[in-house]
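Undergrad: 3D, please:
(one chain, ligands or ions: 2)
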Amino acid sequence: MQKQKSESRVAVYYELTKPKIWYLLVFTAFGAALTASNIYDIEISPATWLLMLFSVAAGSAAANTLTNYHDRDIDAIMERTKGRPLPSKRIYPAEKARNFGLVLAGISLVLAFGISFTTTLEQGAWATAFIAFGLVNNILVYSYALKRNSRTNIILGGLCGGSPPMIGWVAVSMSDLWTMGLAMAGLVFIWIPMHIWALTLHFKDDYNKVNVPMLTAVQSEKTSARAIAGSTVIMVLFSIAPFFITTESGDSMVGSVYLWTAIVSGALMIALSIWVIVKPMEKASWTLFKFSSPYLAVLFIALMVDSAL
Ligand code: HEM
Ligand SMILES: CC(C)=CCC/C(C)=C/CC/C(C)=C/COP(=O)(O)OP(=O)(O)O
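TA: Ligands and ions are numbered 1, 2, ... in the order given. Here you go, the predicted model:
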């Protein structure tokens, strides 16, 4: 009985971190690191892999935990979130979750700085800075400052999504960090509006119950559908950018395998967003949301494969 109880304690704290979300965040860091390793033919030591992946996992888990702590009041009201560990009192008092999140955040910063000892001090310092930026942007800027006050909360509050690819890149090289590294971070950042606005259109009533002004919860269905389609087109157009980026010696970073993957997968996402315009409140927005994460993963897989060829 005691073993089963201790497992459920681990499981409920694991659930508190929203693992499905940080799995993809960690995957984008992994993708950026492997792509940089392929492009510059730099081997990544096992220690650097572990420090980089675990710092991003701990940082993302910390951010999700601390935003769950902050949003426990509205989460208890929204249908989609009321079963979570804090609203359901499966973790009580809530300060236990806050402390857990703060410890995770501290661990993520220490692990990121540990990259200094397996690469260079400059690389470790940048990795630490990107973790700190991700934490501050997601917890303080998005959740505490913007989420309940601005329709554009996910724009300034979405910059954190670019942190994991920047950490993955800088764990391998400082070269082209602000061109190709930033482009990979941009893929995640520019992907966010289509990812979340499709979902919040689907859960419009939930968000209005708690007065969270997600753009597609407060706009008309027609305007929301257009915002989703517009953000999808912008994302697809931006997804071509890595194909045109070259190294300092003028060599392309990625080639036609990535280009055609981005074009074909982008065409599917645009088709889904047109479906949302035609039938805005149907399951079309939910389908677009569910396709959005695999779409981002496919782009990062194509970057890894193409850079290895
Ligand atoms: C401000 C930025 C973002 C907001 C507001 C946001 C919001 C959300 C919400 C509300 C959900 C549904 C959660 C649930 O009810 O289970 C969700 C799911 C998800 N998010 Fe995001 N998200 C953001 C950025 C990101 C980023 C940067 C990533 C990873 C790169 C990401 C990955 C995911 C994944 C993998 C899921 C689960 C998808 C599924 O169930 O199919 N999100 N997000
Ligand atoms: C490296 C590092 C620290 C990066 C941080 C990146 C990060 C954790 C991004 C997650 C963003 C996200 C899923 C927000 C959830 O929004 P929400 O709280 O509105 O969703 P909810 O309504 O489902 O709770």
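Undergrad: Tell me how many other residues surround D205.
TA: 10 (other CB atoms under 10 Å). All C-beta atoms are positioned from the backbone trio N, CA, C, and that covers glycine.
Undergrad: What strand or helix carries it?
TA: helix 204-209 (DSSP states H and E).
Undergrad: Could you check how far that helix is from the centre of its chain?
TA: 23 Å (CA atoms, centre = their mean, to the nearest Å).
Undergrad: ok, is the next helix or strand after it in contact with ligand 2 or not?
TA: Next along the chain after helix 204-209, taking DSSP H and E as the criterion, comes helix 215-218. No - contact of helix 215-218 with ligand 2 is not found when judged by CB under 6 Å from any ligand atom; the minimum separation is 11.4 Å.
Undergrad: elements contacting helix 215-218?
TA: helix 182-202, helix 204-209, helix 221-238 (3 or more CB pairs under 8 Å, 6 or more residues apart in numbering; DSSP states H and E).
Undergrad: give me that answer again for 6 Å
TA: If contacts are counted by 3 or more CB pairs under 6 Å, 6 or more residues apart in numbering; DSSP states H and E, helix 215-218 sits against helix 182-202, helix 204-209.
Undergrad: Ok, which of those helices comes nearest ligand 1?
TA: Taking CB to the nearest ligand atom, helix 182-202 is the member of these nearest to ligand 1, at 4.5 Å.
Undergrad: That closest one and ligand 1 in contact?
TA: Yes - for helix 182-202, a contact with ligand 1 is found by CB under 6 Å from any ligand atom, at V188, I192, H195, I196, L199.
Undergrad: Report how many residues lie close to A132.
TA: That count, for A132 with other CB under 10 Å as the rule, works out to 16.
Undergrad: actually R80, not the one I wrote
TA: 12.
Undergrad: Spatially nearest residue to the most centrally placed residue in the chain (excluding sequence neighbours)?
TA: With distances taken as CA atoms, centre = their mean, G161 lies nearest the centre of the chain, 4.1 Å away. Once flanking residues are discounted, G161 sits nearest to V188: 4.3 Å by CB to CB, 6 or more residues apart in numbering.
Undergrad: again, but for P164
TA: Per CB to CB, 6+ apart, closest to P164 is A29, 3.9 Å.
Undergrad: What of I155?
TA: Here the residue nearest I155, using CB to CB, 6+ apart, is P193, at 7.4 Å.
Undergrad: isn't the one you found right up against S231?
TA: Yes - in this structure, P193 is within contact of S231 by CB atoms under 6 Å, at 3.7 Å.
Undergrad: Next, count neighbours for A217.
TA: A217 is flanked by 22 other residues according to other CB under 10 Å.
Undergrad: contacting residues for it?
TA: Counting by CB atoms under 6 Å, 6 or more residues apart in numbering, A217 touches T200, K204, Y207, N208.
Undergrad: From those, pick the one nearest A308.
TA: T200 (37.0 Å; CB to CB).
Undergrad: For the residue nearest to that closest one when sequence neighbours are not counted, give me phi and psi.
TA: Nearest residue to T200, sequence neighbours excluded (CB to CB, 6+ apart): M214, at 3.8 Å. Main-chain dihedrals, M214, degrees, to the nearest 10: phi -60, psi 140.
Undergrad: And the pLDDT at M214?
TA: Per-residue pLDDT puts M214 at 93.
Undergrad: my guess is it contacts H202, does it?
TA: No - judged on CB under 6 Å, M214 makes no contact with H202 at a distance of 10.8 Å.
Undergrad: Please report phi then psi for the residue lying closest to E15 once chain neighbours are set aside.
TA: Spatial nearest neighbour of E15, excluding adjacent residues (CB to CB, 6+ apart): P85 at 5.8 Å. P85 has phi and psi values of phi -50, psi -40 when expressed as degrees, to the nearest 10.
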